[in-house]
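A.B. asks: after the sequence you'll find the predicted model.
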Amino acid sequence: MPETAIQVEDHSINTKENAEFSLRRLRALKSQRVILTTSWYHSRRALKCFRHFGPELTLYSCPAPFDARDGGERV
């Protein structure tokens, strides 16, 4: 995937805000299919939240194999 296709939303303080802020940008880009990448333990909650606020999008979850905040160790 080209690096230009990856966007990071970093202004939210919770999953609900992350979905709302991200979906604004995705709608402005007229996105139809989106891959959500987050930690494995957060992926289910993130996917449900994004599907709730963005039911018109096709959403996929791709949990990250490790969390960089944990020093890059596999979890």
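C.D. replies: Sure thing, it's come through.
A.B. asks: strands of this structure, residue ranges please.
C.D. replies: For the chain, the strands defined by DSSP state E cover 33-36, 58-61.
A.B. asks: least confident secondary structure element in the chain?
C.D. replies: strand 33-36 (a mean of 92; mean pLDDT, DSSP states H and E).
A.B. asks: next, count neighbours for residue 23.
C.D. replies: Burial measure for residue 23: 19 neighbouring residues, criterion other C-beta atoms under 10 Å. For the C-beta atoms, the positions are set from N, CA and C on the backbone; glycine is no exception.
A.B. asks: which ones are touching it?
C.D. replies: Neighbour list for residue 23: 50, 53, 54, 57 [criterion: C-beta atoms under 8 Å, 6 or more residues apart in numbering].
A.B. asks: okay, and for the protein, where does confidence drop off?
C.D. replies: Low-confidence segments of the chain (pLDDT under 70): 66-75.
A.B. asks: what's the longest helix in it?
C.D. replies: helix 15-28 (DSSP state H).
A.B. asks: who does the most centrally placed residue in the chain bridge with?
C.D. replies: With distances taken as C-alpha atoms, centre = their mean, the chain has residue 36 as the residue nearest its mean C-alpha position (3.5 Å). Beta-bridge partners of residue 36, counted by DSSP bridges, are residue 61.
A.B. asks: so who does it touch?
C.D. replies: Counting by C-beta under 8 Å, 6+ apart, residue 36 makes contact with 43, 46, 47, 50, 59, 60, 61, 62.
A.B. asks: tell me the most packed of those residues, by neighbour count.
C.D. replies: Of all the contacts of residue 36, the highest neighbour tally under other C-beta under 10 Å goes to residue 50, namely 22 neighbours.
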